[in-house]
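K.L.:
What would the 3D arrangement of this be:
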Amino acid sequence: MKILLVNPPRSPHNAILDNAPDEAKPFIHRKLVGPPLGLLTIAAAVKDHDISLLELKGEYDLHPEAAAPARLVEEEIRRFAPDVVGVTFIASEFNAGLEIFRVAKRCDPRIVTVAGGLHATVQPRDFARAEVDLVCVGPAAKTFRELVRALEAKTEVRAIPGLGVNGPDGLRFAAAPRAFDVAEVDDVLPDRALLKRWISTYHVGRSPAPATYLHTSLGCPYACTFCSIHSQYRGGFHQRDVESVIAELRQLDEYPTVRFADANTLVDAAWCERLFDRIAQEGLRKFFVADMRADAIAQHPRLIEKMAKHGLRVVISGFESFRDEELRRYGKASPARRIAEAIAIAHANGIMIRGNYVVPPDYGPADFDALADYAASNRVAFAGYTILTPMPGTAFFEEVRERIVDRDLDKYNFFNCVLPTKLPLEEFHRRVGALWTIKKGTEVI
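P.N.:
Residues are numbered from 1 along each chain as shown. I've put the predicted structure just below:
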């Protein structure tokens, strides 16, 4: 079968950037940089078929003035003539993904459209629409492989675990979502060969060297109220086999920089120690970027020293707040005092640390001043300041759903406030933007 996989374009909405003072604009985060690992894994799961990838984020990074997404999708469909079009979804790209399906159906109504990814998993009922044929919920590699086999054999697909089928009665799931098996991740490594056209767009900061993502785990054992990862993996945490990670790293000669695309890389300290021992034994010289909680860094200074010795250069840490009461409200089981400890350990080991804060919509001038004073007293190489957002699928969304004032999912990317604010909305965004100048370094990551 011929399968076209599409990564939608980014949402263009960034009210922080639009309203920030001019001196802050160079530092404000504009985009996530990295390949669509989910689609690459899906491609590897059906590698015996004819696969094409359209990476619209990478395409617009290469050619900002390229034609509109609908035009690019139509051109690729006319060229490739796929039997199946699959799209990966997050909330802020939901509308763009649906438009891709509408284009596919206009080109050829016989094309089977399949939705997957985070938003499909946590909000599958959003996809009960005419342009969507099928929805993959949860871990999708095996589900998609079984689906393609069934389509090729022209057999029934309704009983496939985790597959929703749209019909006259709406979206129906005949079988429960597939139980997560981390061996599936170890067995199906992403097919990065599909990225050749866009490899130059994947880089960190000012480094021209290509960077890639790599999962060492999936899920998260913590339940922060504003994060959808906990519900995406049904509260589970799944650590990969060390040797599988090493095998994948051996395939990454084209990528000097590797970001571990985990919710938290440092959950199992013994596992991390084994991994970096093996990295040293294999002589794998990479510039590693990892996401870690501040309390995990503070609890394991010796391990951080070893990881730094063998390539860990950047740590991204969700500080979230400088106030313990806010951290408790977010379900963040880490006291604010750990932030300074984590920063000190990172700096002592030559690690550039990026600290990310979330700003709630009820902040007034005194709150912004207090956060600015705190961040200025705990400077990091990079700093990020985003807006507390009720992402679909989170506990926070359920808590505040009746208070949401802007339901345009295009704006659900942490750079636009969709809840009532204490300050005038533009002033709130301006103050968040102004925080972005508070950092130790001069680059953006």
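K.L.:
burial measure for the residue nearest to residue 108 when sequence neighbours are not counted, as a count.
P.N.:
With C-beta to C-beta, 6 or more residues apart in numbering as the criterion, residue 108 has its nearest non-adjacent residue at 7.2 Å, and that residue is residue 77. C-beta: built from backbone N, CA, C; applies to glycine. Residue 77: 22 surrounding residues under other C-beta atoms under 10 Å.
K.L.:
And for residue 306?
P.N.:
As a burial measure, residue 306 scores 17 neighbours (other C-beta under 10 Å).
K.L.:
these two touch, right, it and residue 273?
P.N.:
Yes. Contact criterion C-beta atoms under 8 Å: residue 306 and residue 273 qualify, at 6.8 Å.
K.L.:
what residue ranges in the stretch 301-445 of the chain are flagged as low confidence?
P.N.:
Counting by pLDDT under 70, the stretch 301-445 of the chain has low-confidence residues at 441-445.
K.L.:
ok so, going back, pLDDT averaged over the helix or strand the residue nearest to residue 108 falls within - what is it?
P.N.:
Take DSSP states H and E as the rule and residue 77 turns out to sit in helix 69-80. Here helix 69-80 scores 98 as its mean pLDDT.
K.L.:
Kindly report the same for stretch 272-287.
P.N.:
97.
K.L.:
buried ones in that stretch?
P.N.:
272, 273, 275, 276, 278, 279, 284, 286, 287 (16 or more other C-beta atoms under 10 Å).
K.L.:
can you check stretch 120-132 too?
P.N.:
120, 121, 122, 123, 124, 126, 127, 131, 132.
K.L.:
Could you work out the most separated pair of those residues?
P.N.:
Using C-beta to C-beta, the buried residues of stretch 120-132 reach their maximum pairwise distance at 122 and 131, which is 20.0 Å.
K.L.:
thinking again about what came up before, please identify the buried residues of the helix holding residue 77?
P.N.:
69, 72, 73, 74, 76, 77, 80.
K.L.:
Now for the fourth one: which residues touch it?
P.N.:
This points to residue 74. 103, 106, 107 (C-beta atoms under 8 Å, 6 or more residues apart in numbering).
K.L.:
buried subset of those?
P.N.:
103, 107.
K.L.:
ok, so of the contacts of residue 74, who is nearest residue 340?
P.N.:
Distances from residue 340 to those, taken by C-beta to C-beta, are shortest for residue 103, at 50.9 Å.
K.L.:
Give the full set of residues in contact with that closest one.
P.N.:
70, 73, 74, 77.
K.L.:
hang on, isn't the second one packed against residue 54?
P.N.:
Yes. The pair residue 73 / residue 54 is scored as a contact, 6.7 Å apart, by C-beta under 8 Å.
K.L.:
who touches both of the two?
P.N.:
Common neighbours of residue 73 and residue 54 (C-beta under 8 Å, 6+ apart) are residue 6.
K.L.:
Let me see the ranges of the strands in the stretch 151-300 of the chain.
P.N.:
Along the stretch 151-300 of the chain, the stretches classed as strands by DSSP state E, counting those that start in this stretch are 163-167, 170-173, 211-214, 217-219, 237-239, 257-260, 287-291.
K.L.:
buried sites along the second one?
P.N.:
With burial defined by 16+ other C-beta under 10 Å, the residues of strand 170-173 counted as buried are 171, 173.
K.L.:
Walk me through which strands that strand pairs with, and which way each runs.
P.N.:
The strands beside strand 170-173 in its sheet (DSSP bridges) come out as strand 163-167 (antiparallel).
K.L.:
Then the last one?
P.N.:
As defined by DSSP bridges, the strand partners of strand 287-291 come to strand 257-260 (parallel), strand 312-320 (parallel).
K.L.:
So which of these is nearest residue 413?
P.N.:
Nearest to residue 413, of the strands paired with strand 287-291 and by C-beta to C-beta, is strand 312-320 at 16.1 Å.
K.L.:
Pull the distance from that closest one to the chain's centre.
P.N.:
Distance, stretch centre to chain centre, for strand 312-320: 15 Å (C-alpha atoms, centre = their mean, to the nearest Å).
K.L.:
Please shift the residue numbers so they start at 222 in all later answers.
P.N.:
In the new count, where the first residue is 222, that last one comes out as strand 533-541.
K.L.:
downstream neighbour of it in the secondary structure list?
P.N.:
helix 545-550.
K.L.:
got a list of contacts for that following helix?
P.N.:
Helix 545-550 is contacted from outside by 446, 541, 542, 555, 556, 557, 581, using C-beta under 8 Å, 6+ apart.
K.L.:
quick one: residue 319 and residue 347 touch, right?
P.N.:
No. With contact defined as C-beta under 8 Å, residue 319 does not count as touching residue 347 (9.2 Å).
K.L.:
Count the residues that sit near residue 625.
P.N.:
Around residue 625 there are 14 residues (other C-beta under 10 Å).
K.L.:
Need the max-distance pair from the contacts of helix 545-550.
P.N.:
So, the contacts of helix 545-550 by C-beta to C-beta: farthest apart are 556 and 581, at 18.3 Å.
K.L.:
Have a look at these two and say which one is more surrounded.
P.N.:
Each of residue 556 and residue 581 has its neighbours counted (other C-beta under 10 Å); residue 581 has more, 17 against 14.
K.L.:
doesn't residue 609 make contact with that one?
P.N.:
Yes. The criterion here is C-beta under 8 Å, and residue 581 meets it with residue 609 at 4.4 Å.
K.L.:
looking at this, residue 606 is in a strand?
P.N.:
Yes. The assignment for residue 606 is a strand, going by DSSP: H, G, I helix; E, B strand; the rest coil.
K.L.:
Can you give me the buried ones in stretch 264-275?
P.N.:
264, 265, 266, 267, 270, 272, 273, 274, 275.
K.L.:
ok, residues contacting it?
P.N.:
222-228, 260-261, 293-294, 297, 301, 303, 362-363, 365-366, 369, 409-412, 415-416.
K.L.:
so which of the strands of the stretch 372-521 of the chain gets nearest residue 616?
P.N.:
Nearest of these (C-beta to C-beta): strand 438-440, 15.9 Å.
K.L.:
Give me the helices and strands touching the closest one, please.
P.N.:
Using 3 or more C-beta pairs under 8 Å, 6 or more residues apart in numbering; DSSP states H and E, the elements in contact with strand 438-440 are helix 450-453, strand 458-460.
K.L.:
Could you list the paired strands of it along with their orientation?
P.N.:
Counting by DSSP bridges, strand 438-440 is paired with strand 458-460 (antiparallel).
K.L.:
any idea of the mean pLDDT for the strand it pairs with?
P.N.:
Per-residue scores along strand 458-460 average to 91.
K.L.:
For residue 484, which residues are in contact?
P.N.:
Per C-beta under 8 Å, 6+ apart, neighbours of residue 484: 438, 440, 441, 443, 448, 450, 512.
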